[in-house]
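> Kindly generate the corresponding structure for this input.
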Amino acid sequence: MAAVNSDFWAGKRVLLTGHTGFKGAWASIWLARMGAQVTGLALPPDQSPSLFQLAGVHELIESRFVDLRNPHAVSAAVSGRTFDLVLHMAAQAIVRTSIEDPVGAFSANVMGTAHLLQALRDQPELKAVLVVTSDKVYANAETGRAFQEADPLGGKDPYSASKAATEIVVQSFARTYFDAWGVPVGTARGGNVIGGGDYSRDRLTADIVRAAQAGEAVVLRHPEATRPWQHVLDCLAGYFRHLESLASDPETPRALNFGPRPGGPSVSVGELATLGVEALGGQPWRHERDPNSIEAKSLAIDATLAREALGFESRLEAPEAVTLTMEWYRRQGEGIAARALCEEQIAAYEGRPSSERDLVLAVD
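Next up is the predicted model:
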């Protein structure tokens, strides 16, 4: 299977939104490692600790705190700069938060994307844009069938609906403006991502780590639910390969799913929590059902098209992704520097030893 092309990224001027988030921080570290010139746009981290702060991401890229819901701020941040590639990951990404504040979710995810695309219309050297949406963009009838890219979009909760609406916004801007200029604009529909350094509220791995550190049992609402778990490195590698292909091959599909390999072992929420608890030495998880929950019980996506079009598929099966994730938290808790851990895991994923530095103990 095709790997990320480091030579492609060397020297590329990349606009990365959402660089202060979990996936964005990993993307920043990896892109900087490959020699890309990265400008990050995002709100300040909304949790503490955050991987952005722990890994010193601001030392690796140009970091700018910008609210994408403000069109004037977005335009000002982009104006006067020239970018080759754009990876748009900034979003309100938590389902339960979107239920608490639906208007905020639509404002951030739909209008934030529209504001960014509007600002990018003045980028004369732009080669390609990739907007990250979600595996939850599909109309989910709970049949258990893995969704394919041509399936109908939908969303019965504000987060899912906002991401499906974002797909339509992207298509409209692409067909009205960017296609005529020869600038492909695509969307990436990623699965449920796990990995070290995620401290977000209402994220399963973060909740497991917090509970283990406090000596408490993590509470699960739907232990029987299944999700397309994917390690952050697999997910980001898919995004990078998609952008590489969009920039070089006009036949590249505009929308692609990124998730576990078809036929790989599935892991339920309860099984993932058990693996995490065992790795960290925490208390057994506890089940407290939420009768008002509207979250999908089953969710699966078919990533066959990414394999056929890009020669890309995930390398890490779900159990291995969980092990790698918990190993990151365990070693970080022992004092290993967060950035060093990320660089080590990126290097191992790339299949070559880390050249930047040896792992060192974090110091105050």
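> Residue 15 and residue 166: what is the separation?
Counting by Cβ to Cβ, to the nearest Å, the gap from residue 15 to residue 166 is 17 Å. All C-beta spots, glycine's among them, are computed from the backbone N, C-alpha and C.
> Restrict stretch 49-64 to CA atoms and write it as PDB.
Extracted in PDB, the C-alpha atoms of stretch 49-64 (Å, rounded to 0.1, in the frame of the first residue of the first chain):
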ATOM      1  CA  PRO A  49      -3.900  19.700  29.400                       C
ATOM      2  CA  SER A  50      -3.800  19.800  25.600                       C
ATOM      3  CA  LEU A  51      -1.400  18.000  23.200                       C
ATOM      4  CA  PHE A  52      -0.900  21.400  21.500                       C
ATOM      5  CA  GLN A  53       0.600  22.800  24.700                       C
ATOM      6  CA  LEU A  54       2.300  19.600  25.900                       C
ATOM      7  CA  ALA A  55       4.100  19.100  22.600                       C
ATOM      8  CA  GLY A  56       5.000  22.700  22.100                       C
ATOM      9  CA  VAL A  57       3.300  22.800  18.600                       C
ATOM     10  CA  HIS A  58       3.700  26.500  18.400                       C
ATOM     11  CA  GLU A  59       7.400  26.000  18.200                       C
ATOM     12  CA  LEU A  60       7.100  24.000  15.000                       C
ATOM     13  CA  ILE A  61       4.600  26.000  13.000                       C
ATOM     14  CA  GLU A  62       3.200  29.500  12.600                       C
ATOM     15  CA  SER A  63       0.300  29.400  15.000                       C
ATOM     16  CA  ARG A  64      -2.500  31.900  14.800                       C
END
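> quick one: low-confidence parts of the stretch 1-150 of the chain?
Where the stretch 1-150 of the chain drops to pLDDT under 70, the residues are 1.
> hey, where'd the strands end up in the chain?
Remark: strands assigned in the chain by DSSP state E are 13-17, 37-42, 62-65, 85-88, 128-132, 185-190, 192-194, 219-220, 229-231, 255-258, 286-287.
> In TSV, list those along with mean neighbour count and distance to residue 118.
Shown next, in TSV, are these (neighbours: other Cβ atoms under 10 Å; distance: least, Cβ to Cβ, whole Å):
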stretch	mean neighbour count	distance to residue 118
strand 13-17	23	14
strand 37-42	24	14
strand 62-65	16	18
strand 85-88	26	13
strand 128-132	25	12
strand 185-190	24	13
strand 192-194	26	28
strand 219-220	18	41
strand 229-231	28	31
strand 255-258	25	21
strand 286-287	14	46
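> now the helices for this protein?
6-9, 22-33, 51-54, 71-78, 95-100, 102-106, 112-120, 158-173, 204-214, 232-248, 269-280, 304-310, 318-333, 338-350 (DSSP state H).
> Out of those helices, flag the one nearest residue 289.
helix 269-280 (12.3 Å; Cβ to Cβ).
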